[in-house]
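Participant: this is a predicted model, with the sequence first.
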Amino acid sequence: MHELSIVMGIVRIAEAEARKSGYDAIDEIELEIGELAGVEMEAFDFAWNQAKRGTMLDKAEKIVHRPEGIARCLGCGQTFRMNNLYDACTCCGSCFSDIVQGREFKVKSITV
Ligand SMILES: [Zn+2]
């Protein structure tokens with residue numbers, strides 16, 4: 001389950017950040033996970049609850065922002081809503097597009 005390794009990575013980053021500032025607990029963590037980031041949210045939440053135990057994030061509130069997928073077609077230049085990675089252009093049907101938004105995956109902020 002790759003969600004677990006993702007969560008472990010986040011926990012490590014958050015703990016390192018908090019420690020740098022001299023804190024030993026985190027109150028709130030804000031994440032940005034785009035709709036096209038390839039993260040299964042149900043699995044992510046499950047992994048989160050497993051991985052945070054005994055860490056600084058144990059009692060932290062988790063806030064997740066989910067930017068929607070948006071792509072620009074390389075064929076006709078149209079910007080369109082992409083629900084799944086590699087969706088074809090809704091305008092001309094081309095499969096070649098640049099993803100403008102939705103692949104974000106980052107820790108936006110932590111509150112200690
Ligand atoms: Zn197009």
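Facilitator: Perfect, I can see it now. Keep in mind that what you see is a predicted model, and the values were worked out from it rather than measured.

Participant: contacts only, for residue 51.
Facilitator: Residues near residue 51 by CB atoms under 8 Å, 6 or more residues apart in numbering: 4, 7-8, 11. Using the backbone N, CA and C atoms, a C-beta is placed for each residue, glycine as well.

Participant: pLDDT value on it, please?
Facilitator: On the pLDDT scale, residue 51 is placed at 95.

Participant: any figure for the gap between it and the ion?
Facilitator: Taking CB to the ion, to the nearest Å as the measure, residue 51 falls 41 Å from the ion.

Participant: against residue 99, how distant is that residue?
Facilitator: From residue 51 across to residue 99, the span is 28 Å (CB to CB, to the nearest Å).

Participant: list the contacts of the longest helix anywhere in the chain.
Facilitator: Ranked by residue count, the top helix of the chain under DSSP state H comes out as helix 2-20. Helix 2-20 has contacts (CB under 8 Å, 6+ apart) with 24-26, 29, 31, 39-40, 43-44, 46-48, 50-52, 55-57, 60, 105, 107, 110, 112.

Participant: how about stretch 24-34?
Facilitator: Contact with stretch 24-34 is made by 10, 14-15, 18, 39, 41, 44, 56-69, 101-112, as judged by CB under 8 Å, 6+ apart.

Participant: could you tell me the end-to-end distance of it?
Facilitator: Start and end residues of stretch 24-34 are separated by 29 Å (CA to CA, to the nearest Å).
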